[in-house]
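Asker: Quick one, structure for this:
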Amino acid sequence: MEFYTSESTIKSHITDLIIAGWTGRDKLAQLAHIEELESIGVKAPYFTPTFYKVGKELLTQSKNLDIIGDYSSGEVEFFIIKIDDEIYIGVASDITDRQIERDSVPLSKQLCPKPISKNVIKYQDLKDHWDEIIIRSHIHKGNKKSLYQEAKLSKLLRPEVLISEFGFSLETLPNNLIIFGGTISIIGEFNYSNRMTIELEDPIVNRKITHTYTVRKL
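Answerer: Numbers count the residues shown, from 1 in each chain. Here you go, the predicted model:
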């Protein structure tokens, strides 16, 4: 899989995909996300954060995806990947089958592709102002674009803390492993739109990573 930085193209042979859940730094915000999921029948986790290992083949940089059923929805997340001993950050969407999620969270995640951005930024370039970074998502209906999620990354565990919870450090994290960093609360109710735009914005230096994907429901 290829990724683009502001300086070069880098390649990675992805070894594993880990999706972290319930990664809120603020326990009240974390509770709000748990309550969102409980409202659609998803049981609260026994401990937080939680990590799900899913098939690396689900990762895609495509803008056109096929999904079975009408009840899958995406959520914006940052992702972490280490390539040639350098940590990079990109933006991803954890698409999940909401019906299956009521019975099995791991299975619900395994059923859906996981779109990620082609563009990434060195974590070293974000580290000093990480809490000011913004992630957001928009949903599209026809020509209308509506804000679905938006928050600063101060709401979520920092990469080094998240990686530590997973049992590694920035230095010992294996190369070519991708970790999704967890999501933020939605605005309103769950939406099953066929099109979503996900963004990671660095307002300090005025740069943004954006990825838009369209879902065809089979």
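Asker: what's next to the least confident helix or strand in the chain by mean pLDDT, contact-wise?
Answerer: The helix or strand with the lowest mean pLDDT-type score in the chain, counting by mean pLDDT, DSSP states H and E, is helix 27-38 (a mean of 71). Applying Cβ atoms under 8 Å, 6 or more residues apart in numbering, the contact partners of helix 27-38 are 22-24, 44-45, 48, 101, 155, 183-186, 190. Every C-beta, even on glycine, is put in place using the N, C-alpha and C of the backbone.
Asker: same thing but at 10 Å, please
Answerer: Applying Cβ atoms under 10 Å, 6 or more residues apart in numbering, the set of residues contacting helix 27-38 from outside is 21-24, 26, 42-45, 48-49, 75, 96, 98, 101-102, 105, 151, 155-157, 182-186, 189-190.
Asker: can I get the CA coordinates of it in PDB?
Answerer: Taking Å, rounded to 0.1, in the frame of the first residue of the first chain, the C-alpha atoms of helix 27-38 are listed here in PDB:
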ATOM      1  CA  LYS A  27     -14.700  10.000  30.700                       C
ATOM      2  CA  LEU A  28     -17.900  11.900  30.300                       C
ATOM      3  CA  ALA A  29     -17.400  12.100  26.500                       C
ATOM      4  CA  GLN A  30     -16.600   8.400  26.500                       C
ATOM      5  CA  LEU A  31     -19.800   7.700  28.300                       C
ATOM      6  CA  ALA A  32     -21.700   9.800  25.700                       C
ATOM      7  CA  HIS A  33     -20.300   7.600  23.000                       C
ATOM      8  CA  ILE A  34     -21.200   4.400  24.900                       C
ATOM      9  CA  GLU A  35     -24.700   5.800  25.400                       C
ATOM     10  CA  GLU A  36     -25.000   6.400  21.600                       C
ATOM     11  CA  LEU A  37     -24.200   2.800  20.900                       C
ATOM     12  CA  GLU A  38     -26.500   1.600  23.700                       C
END
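Asker: and that helix, how far out from the chain's middle?
Answerer: With Cα atoms, centre = their mean, to the nearest Å as the basis, the distance from the averaged C-alpha position of helix 27-38 to the chain average is 17 Å.
Asker: After that helix, which helix or strand is next?
Answerer: strand 50-54 (DSSP states H and E).
Asker: Touching that following strand from outside, list them.
Answerer: Applying Cβ under 10 Å, 6+ apart, the external contacts of strand 50-54 come out as 16-23, 94, 105-112, 114, 162, 165-167, 179-180, 182.
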